[in-house]
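Asks: let's see this in three dimensions:
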Amino acid sequence: MGGLENVEDVLRLAISREIEANVFYNLLSQYTDIPQIRSLCVEFASEELEHKAKLELELMKLGNTVKPYPTQNQTPKPLDYMVDMSKIMQMDYEGLLLLAMQKEKISFRLYIDLLSTITEPSLKEVLIELAEEEARHKIRFELEYDLLMAGKGRTIEEQVRR
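Replies: Modelled structure (predicted):
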């Protein structure tokens, strides 16, 4: 992971990704009319803040301060997600689930990639825990997706071929 020279850089990158994920899920919850997705996104937005807090604690354990984040008027945009939020309003339930699964997969991969840059066992443990959490998020969206497809009469094999 180029550009990451020390543990602080790794933690700050991970913190910024959790902030972006929180913003993404909060926006997604506002753009969807689907109650199941709205509820799940509100829950995940909250969990992303918990992830951020864990990472900030690790940063403080290293003797670093946590820099203030932008004010509400300067809310960070989920640029790394490269999603035009206006398109989300036009997505159906299936599309929203697929998008969320993709985002969770990216977050999982980030933590796995960051593991190779860390030697401290306690921080490795935190990153593994966060990777597992992101994987659980993806699985929850996959289960919702499977239920949706089952309701449409598609078998798992037909879904995979799609």
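Asks: how far away is the closest residue to T32 other than its chain neighbours from E144?
Replies: In space, and not counting its chain neighbours, T32 is closest to R38: 5.5 Å by Cβ to Cβ, 6 or more residues apart in numbering. Quick note: C-beta positions are derived from backbone N, CA and C, even for glycine. Separation of R38 from E144 (Cβ to Cβ, to the nearest Å): 12 Å.
Asks: these two - which one has more neighbours?
Replies: The neighbour comparison of R38 against E144 (other Cβ atoms under 10 Å) goes to E144, with 19 against 15.
Asks: which SS class is the more buried one?
Replies: helix (DSSP: H, G, I helix; E, B strand; the rest coil).
Asks: that one and L98 touch, don't they?
Replies: No: under the criterion of Cβ atoms under 8 Å, E144 is not in contact with L98, lying 10.6 Å apart.
Asks: who's in contact with M101?
Replies: 138, 141-142, 145 (Cβ atoms under 8 Å, 6 or more residues apart in numbering).
Asks: any idea which of those is closest to Y31?
Replies: Closest approach to Y31 among the contacts of M101 (Cβ to Cβ): F141, at 16.2 Å.
Asks: packing partners for the helix or strand that that closest one is a member of?
Replies: Applying DSSP states H and E as the criterion places F141 in helix 121-151. If contacts are counted by 3 or more Cβ pairs under 8 Å, 6 or more residues apart in numbering; DSSP states H and E, helix 121-151 sits against helix 7-31, helix 35-61, helix 93-115, helix 156-161.
Asks: what's the average pLDDT for that helix?
Replies: Average pLDDT, helix 121-151: 90.
Asks: could you list the low-pLDDT ranges of this structure?
Replies: Applying pLDDT under 70 to the chain flags the ranges 1-5, 67-86, 88-89, 154-162.
Asks: give the contact list for the closest residue to L28 other than its chain neighbours.
Replies: Nearest in space to L28, with sequence neighbours left out and distances taken as Cβ to Cβ, 6+ apart, is C41 at 4.7 Å. Contact analysis of C41 by Cβ under 8 Å, 6+ apart lists 25-26, 28-29, 32, 100.
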